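Trainee: Requesting a structural model of the entry that follows:
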Amino acid sequence: MTVRSRTAVTALAGLTAGAIALTGCSSGETAAPGPNDKIKVVASTSVWGSVAQAVGGDAVEVESIISDAGADPHSYESSPQDAAKISDANLVVLNGGGYDEFMTQVLGDNPKPTVQAVESEQPAPPQGEHAGEPHAGEPHAGERPAPPQGEHAGEPHAGEPHADEHAGEQPAPPQGEPHAGEHAGHDHSVNEHVWYDLHAVHEVAHKVAAELGKIQPAKAQEFEANAAAFEQQVAGLESRVGEIAAAHQGKPVIVTEPVAHYMVEAAKLNDVTPPSFVNAIEAETDPSAAAVADIQNAINARQAVAVIYNPQTESPVTRNVRAAADAQRIPVVELTETLPQGQSYVQWMDAQITALQGALNR
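Mentor: Model (predicted):
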């Protein structure tokens with residue numbers, strides 16, 4: 001999925017908030033916490049806030065800017081209060097890849113310990129094209145260093161090709177010939193929803209541990225141990241996705257937005273969403289009447305065994321898609337972008353995997 005563009009209003013809001021909050025703190029530096037003080041961590045969303053909490057444990061105080069399970073992070077506009085929190089943080093954790101651009105707008109050029117899941121942002125491709133973008137399975141935006149010792153040996157890490165794909169740069173498929181697992185003109189590359197890439201998530205955890213260890217060196221080993229324990233929990237999630245792949249490889253699904261692309265890919269499901277519809281969603285434009293007809297026809301023809309639905313970016317068009325799926329008795333699976341209140345990342349992702357598995361079993 002291409003990097004989502006932001007409106008000028010959103011960018012201006014972020015810049016204005018940053019200017020207000022960082023006035024009087026031009027260096028952007030925050031006093032380091034004492035050895036017994038809690039480390040202030042600010043995350044862009046509750047997803048990364050939960051990961052930071054799992055690693056930091058009792059040594060951190062985590063605040064997530066976006067925690068409302070009904071909010072659409074794509075259209076979020078930061079406030080001066082948000083900017084103040086970010087300015088006061090000892091560590092900032094964000095998604096990157098253009099997803100939470102308000103965070104980078106507030107940070108600006110101010111030095112601040114930061115962990116970013118997608119390490120460098122890539123510009124959106126020319127309108128109507130995907131030229132020059134890596135294909136699914138190639139590195140995410142920005143190369144990442146090798147993970148700390150103790151990672152799963154032999155497994156591909158976030159930002160590296162998955163095991164079932166060729167390493168290295170791959171040429172774009174000829175026009176009219178879909179890339180493996182993709183439609184012609186339907187390239188999900190540079191998908192910013194990397195929290196559905198479980199390799200990326202446990203790598204972020206180790207990066208958080210490393211940064212926390214720099215802030216409080218006496219607790220560095222504790223943070224690394226927490227990250228390793230979290231990684232084992234994520235490995236359990238990976239095993240569950242592997243079970244879906246073993247039982248349901250190749251089954252067709254339709255998505256209203258490729259929010260869970262990495263999970264769909266890891267589960268070896270076949271995304272058969274009409275390219276005309278996906279391209280409109282990726283470009284943040286209203287799908288044409290023809291594109292809407294394409295996806296409605298695909299559902300009415302029961303071309304998919306499940307519809308994956310993101311309720312946080314729903315519109316009249318996507319609600320109609322869901323209604324059509326319900327009418328055809330095609331299971332609808334809600335896969336979201338932020339955590340339900342009171343759930344950790346692992347609990348949330350486990351529930352979503354269960355929902356997807358249940359739908360496919362039907």
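
Trainee: For Ile353, which residues are in contact?
Mentor: Leu237, Arg240, Val241, Ile244, Met263 (Cβ atoms under 8 Å, 6 or more residues apart in numbering). From N, CA and C alone the C-beta is placed, and that goes for glycine too.

Trainee: Among those residues, which one sits closest to Gln105?
Mentor: Met263 (29.1 Å; Cβ to Cβ).

Trainee: wait, is Arg329 part of a helix?
Mentor: No. Read with DSSP: H, G, I helix; E, B strand; the rest coil, Arg329 is coil and lies in no helix.

Trainee: Report how many residues lie close to it.
Mentor: Neighbour count of Arg329, defined by other Cβ atoms under 10 Å: 8.

Trainee: Kindly report the same for the one 5 residues further on.
Mentor: Glu334: 15 surrounding residues under other Cβ under 10 Å.

Trainee: Buried members of the contacts of Ile353 into PyMOL, please.
Mentor: Buried residues within the contacts of Ile353, by 16 or more other Cβ atoms under 10 Å, are selected in PyMOL with:
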select buried, resi 237+240+241+244+263
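
Trainee: what's next to stretch 306-322, contact-wise?
Mentor: Under Cβ under 8 Å, 6+ apart, the answer for stretch 306-322 is 69-74, 251, 253-257, 259-260, 264, 286-287, 292, 295-296, 299, 325, 330-338, 356, 359-360, 362.

Trainee: That stretch spans what distance, first to last residue?
Mentor: End-to-end distance for stretch 306-322: 11 Å, by Cα to Cα, to the nearest Å.

Trainee: Report the buried residues of it.
Mentor: 306-314, 317-318, 321-322.

Trainee: again with stretch 225-242
Mentor: Buried residues in stretch 225-242, counted by 16+ other Cβ under 10 Å: Asn226, Ala227, Ala228, Phe230, Glu231, Gln233, Val234, Leu237, Glu238, Arg240, Val241.

Trainee: Point out the ones among the buried residues of stretch 306-322 that are inside helices.
Mentor: Of those, the ones assigned to helices by DSSP state H are Val317, Thr318, Val321, Arg322.

Trainee: Rebuild the residues you listed as JSON lines, extending it with pLDDT.
Mentor: What follows is these, written out as JSON lines (pLDDT from 0 to 100):
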{"residue": "Val317", "pLDDT": "91"}
{"residue": "Thr318", "pLDDT": "92"}
{"residue": "Val321", "pLDDT": "95"}
{"residue": "Arg322", "pLDDT": "96"}
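
Trainee: Looking at these, which is nearest Glu119?
Mentor: Glu119 lies nearest to Thr318 out of these, by Cβ to Cβ, at 30.8 Å.

Trainee: Just the ones in helices from the contacts of stretch 306-322, please.
Mentor: Using DSSP H, those in helices are Val264, Val292, Ile295, Gln296, Ile299, Ala325, Leu356, Ala359, Leu360.

Trainee: Just give the nearest non-adjacent residue to the third one, would you?
Mentor: Setting aside the residues directly before and after it, Ile295 is nearest to Phe277 in space (Cβ to Cβ, 6 or more residues apart in numbering), at 4.5 Å.

Trainee: How about Val292?
Mentor: Ranked by Cβ to Cβ, 6+ apart and with sequence neighbours excluded, the top spatial neighbour of Val292 is Val317, at 6.0 Å.

Trainee: Thr114 now?
Mentor: Thr114's closest residue in space is Val92 (Cβ to Cβ, 6+ apart), at 4.7 Å.

Trainee: Bridge partners for the one you found, pull those for me.
Mentor: Note on Val92: beta-bridge partners by DSSP bridges are Val42, Thr114.
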